[in-house]
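Novice: pasting the sequence and the predicted model now:
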Amino acid sequence: MSETDNNPTNNRSLTLRLLVLTAAMFGFGFLLVPLYDVFCEITGFAGRTNTEAAQVTEAPDASRTVRVEFNTMVNEYAPWEFSADSNSMEVHPGQMYYATFTAKNLLDKTKVAQAVPSVAPIAAADHFKKIECFCFTSQEFAGHEERAMPLQFIVDPDLPEYVDTITLQYTFFDTLRVSAKD
Amino acid sequence: MTTAVADTHAAHDDHGPAKGIGRWLFTTNHKDIGTMYLIFSLTMFFIGGTMALIIRSELAQPGLQFVHPEFFNSMTTMHALIMVFGAVMPAFVGLANWMLPLQIGAPDMALPRMNNWSFWILPVAFGILLSTLLMPGGGPASGWTMYPPLVLQTGDAFPFLIFSVHLMGISSIMGAINIIVTIINMRTPDMSLIRMPMFVWTWLITAYLLLAVMPVLAGAVTMLLTDQFFGTSFFLAAGGGDPVMFQHIFWFFGHPEVYIMILPAFGVVSEILPTFSRKPLFGHDSMVYATASIAFLSFIVWAHHMFTVGMPLSGQMFFMFATMLIAVPTGVKVFNWVSTMWRGAMTFETPMLFALAFVFLFTIGGFSGLMLAIVPADVQYHDSYFVVAHFHYVLVPGSVFALMAAAYYWLPKWTGHMYNERAGKLHFWLSTIFVNLTFFPMHFLGLAGMPRRIPDYSTQFADFNLIASIGAIGFGMSQLVFLYVLLTCKKGAPATAEVWDNPKGLEWTVPSPAPYHTFDVPPPVDRTVAFPKDND
C-alpha cells in the first residue's frame, strides 16, 4: 500500500479489482431479494404467513380463546367486491376452523384475481396455519360471477401468551400486471 | 500509462490546454474536468433551487395558489434528485478532481480518460431527467425515494427516470474508482496513508462507500424497470413480491448515500479550520478512525428510515441503538474541530465563516437526527416537516456550506485572483440568516403535525410556512451574490502561491493560478504537511 510508483500495471489491476467489487455489489443488490424472503419466512416479518397448505394435527386447547379478525381490501380500486362472510370469530388454539369469503367480479369479462394474506401482529404470523385457502392459487371469475371461497385454518397452540387477537388481512389483486408470467 | 504521460509533459514543458470547445470535450486534465464538474453542479444548484422556490411559493399560503398538485409533487421529487445527484455529489467530485492530485503531489488523476467520460455522462443523465418534465404524464412525482407501487404509476417519464439514475450511478462509480486508484497509487513517495490530508482521507472512504452502494441502487431501479415492463414481481404483492423490500434495498443504498454527501464536507472543514486557527488539525488520526467508523455504521442503520412500515421490536431496538452509536464518531469530529480552534489565532475570512457555520448548524441537524432515531418519537415525526428540517440542516448549512467554504478557500488557487472579500462576507451573512429563517420554523411545523410532500395545508401552519417561504426566497437571492463573486473574481488582486497565512498542504506550494500541469516530479512533503505526528 505504501509504495507509490505510478506504473500502469498497478493502476490496471487496482481498477479491475474495484470493477469486480462494483459488479459484486450489483449482484448483492439482487441477492437481497432471496435473503429478504428467507428472513421473512424465518421471522414472519412483514406479516408473512404460509402460502402452501400446512400439515398439522388437531390438539384443541379449550382453556384458551383467541379472537381472529378478518379484514379484506381490494387493491387499486380494481372492479371487485370482496368481503369476509363474518368479520371475526372466537377460536381455541389447536382446533380446526372454517371461514368463507365472497368475491364478485363486477365486469362483463373473465378476470383473474390473487388474494395476498398478511397476519398481524408479527408474532402471530408463524402460528396462524392455513390448511386450505383460496389464496394458495389465483382465482378465475367469469363476467359478473359471484362465489364463496373457503379458508380452513388452525391456530398453533404455541401462540405467544400475550396475543389475544389475530388479524388476517387479505388484499385482492387483479393479476393483469403479472398475468404474463402465469 | 501515467509514467509515460509525465515523461511526455516533461519533454514539452509549457504545453498548455488545447484551443476552443475541443479543450472541454476531450480534456483529460484533472483541473479542466474539476472545473467542469464545479460549473455543472453550480448550474444544477440553481435549477434545483428554482424548483425549491416553486415549492416554497406554493406553500407560502394555505390553499392552492400557483401550481397543480401533481406538478408540485414532481417539483419535490426533481428538486431532491437534482440537488442530491446533480449538485452536491458532482460538486464534491469536482473538488476531488481539482484538489486530490494537488494535495497528494500527483501529476493528474490515475485514469484521465475515464475521468472525462464520467463527467460527460452527467449532462446527458440530467438532460434526460429534466426532459421528463415535458413528457405526457409529467415528470416523476413519487418522491426521490421512488417507492413502488406509487412510482410505477409514473407516466412516460418512468423509463427515462430509471435510465438517468443508471447513468448517474455509472458516472459516480467511475469517479469513485478513479479517486481510489489515484489516492492509492499516485501519492508522492513520502506521503504514507495516515499522513494524508483529511480531505483526501474523507474522499478515499467516500469513494469506497460509493462503490459499495451505487450498484445496489442500480439493482433496485432495475428491478422497478423489470416489474413495470418485463413481468417480474420483485415488488408486486399480487405476484408474490413485497413493496417493503424495495424500501430495504433503497435505504441500504440511501443511508450510506447521505454520508457520501457529508464525509467530503467533513474533509473540507478539517482543511479550513486549521488554516484560519493557525494550528494543526487536532486529532488528525482520530478523525480518520472516526470517518471510517461512520462509514462502517452507515451500512447497519438503514431501517431507521422505515420504522413505521412495521418491524419486530428487536429490529427497531437494533436500528435505534446502531443509529445513536453514529453520534459517537461524529461527536469525536465536532470536538476535534472545536479543539482545533481552541486558543488558536483565529481570523474570519469568508471560508472560515462558512466552515464555522458548518460546525454549528450541521450539529443542530445532527441533534434532530438523534431525535428521529428514537423509535417512539419517530412514529410521530415520520414523514412530517421535522424530517424536512432535519435533512435540510445537514445538507444545506452542512454539505452546501462546506462546498461554499471550499470554493472560497481554493478559488484564489484556481483563478490566481483574490475574490471580493466584502461580497463574500455579504454572501455568508445573508446565506446564514436566510437558511435559518427557512429551515428552523420547519422543526415547529413538523412537531405540530404538518406532513411533508403536500401542496396545501391546514391554516394553523400558515405563519411558520410564510416565514420559511420568505427565508427561501432570501436564500435563493443570496446565492446570486456568490455568482457575482465568481464573475468578478478576475478583477481581484493577484493571489500569492500560499494565498492564506501559512496554510499547510502541497496545494499551496504551486503558484496561483495552479499551472495546467503540476507535480511532474513527485514533491517532498517534509515542510508542507504538518500533522499531529510531526508536532507531537
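Specialist: Sure, I can see it.

Novice: how about the helices in chain A?
Specialist: Using DSSP state H, the helices found in chain A span residues A:8-43, A:122-125.

Novice: can you give me the buried ones in stretch B:129-137?
Specialist: Neighbour counts over stretch B:129-137 (16 or more other C-beta atoms under 10 Å in any protein chain shown) mark B:129, B:130, B:132 as buried. Using the backbone N, CA and C atoms, a C-beta is placed for each residue, glycine as well.

Novice: for the helices of chain A, which one sits closest to chain B?
Specialist: For chain B, the closest of the helices of chain A is helix A:8-43, at 2.7 Å, according to C-beta to the nearest C-beta.

Novice: pull out the buried residues from the closest one.
Specialist: A:10-11, A:14-15, A:18, A:21-22, A:25-26, A:28-30, A:32-33, A:36, A:40, A:43.

Novice: just for chain B, where's the confidence low?
Specialist: When residues are selected by pLDDT under 70, those of chain B lie in B:1-15, B:526-536.

Novice: residue in it nearest to chain A?
Specialist: Closest contact between chain B and chain A, by C-beta to the nearest C-beta, is at residue B:219 (2.7 Å).

Novice: do I have it right that residue A:157 meets residue A:57?
Specialist: No. At 10.9 Å, residue A:157 does not count as touching residue A:57 under the criterion of C-beta atoms under 8 Å.

Novice: so those two - more neighbours on which side?
Specialist: Using other C-beta atoms under 10 Å in any protein chain shown, the more surrounded residue of residue A:157 and residue A:57 is residue A:157, with 14 against 7.

Novice: pLDDT score for the more buried one?
Specialist: On the pLDDT scale, residue A:157 is placed at 87.

Novice: residues contacting it?
Specialist: A:59, A:61, A:64, A:93, A:94 (C-beta atoms under 8 Å, 6 or more residues apart in numbering or on different chains).

Novice: nearest to chain B among the residues you listed?
Specialist: residue A:93 (21.4 Å).

Novice: burial count for that closest one?
Specialist: 20.

Novice: now residue A:158
Specialist: Residue A:158 - counted by other C-beta under 10 Å - has 9 other residues nearby.

Novice: from residue A:42, how far off is it?
Specialist: Computed as C-beta to C-beta, to the nearest Å, the residue A:158 to residue A:42 distance reads 15 Å.

Novice: with residue B:263 instead?
Specialist: In terms of C-beta to C-beta, residue B:263 sits 35 Å off from residue A:42.

Novice: circling back to that earlier point, can you narrow the buried residues of helix A:8-43 to ones near chain B?
Specialist: A:10-11, A:14-15, A:18, A:21-22, A:25-26, A:28-30, A:32-33, A:36, A:40, A:43 (C-beta under 8 Å from any C-beta of the partner chain).

Novice: alpha carbons of stretch B:95-115, as PDB, please.
Specialist: What follows is stretch B:95-115, C-alpha atoms only, in PDB (Å, rounded to 0.1, in the frame of the first residue of the first chain):
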ATOM      1  CA  LEU B  95     -13.300  19.400  -5.700                       C
ATOM      2  CA  ALA B  96     -11.700  15.900  -5.600                       C
ATOM      3  CA  ASN B  97     -10.600  16.300  -9.200                       C
ATOM      4  CA  TRP B  98      -9.100  19.700  -8.600                       C
ATOM      5  CA  MET B  99      -7.600  19.100  -5.200                       C
ATOM      6  CA  LEU B 100      -6.700  15.500  -4.700                       C
ATOM      7  CA  PRO B 101      -3.800  15.400  -7.200                       C
ATOM      8  CA  LEU B 102      -2.600  18.800  -5.800                       C
ATOM      9  CA  GLN B 103      -2.800  17.500  -2.200                       C
ATOM     10  CA  ILE B 104      -1.000  14.200  -2.700                       C
ATOM     11  CA  GLY B 105       1.600  15.500  -5.200                       C
ATOM     12  CA  ALA B 106       0.300  13.600  -8.200                       C
ATOM     13  CA  PRO B 107       0.600  14.900 -11.800                       C
ATOM     14  CA  ASP B 108      -3.100  14.100 -12.600                       C
ATOM     15  CA  MET B 109      -5.800  11.600 -11.800                       C
ATOM     16  CA  ALA B 110      -4.800   8.000 -12.400                       C
ATOM     17  CA  LEU B 111      -7.400   7.300 -15.100                       C
ATOM     18  CA  PRO B 112      -7.700  10.500 -17.100                       C
ATOM     19  CA  ARG B 113      -9.800   9.300 -20.000                       C
ATOM     20  CA  MET B 114     -12.300   7.600 -17.700                       C
ATOM     21  CA  ASN B 115     -12.400  10.900 -15.800                       C
END
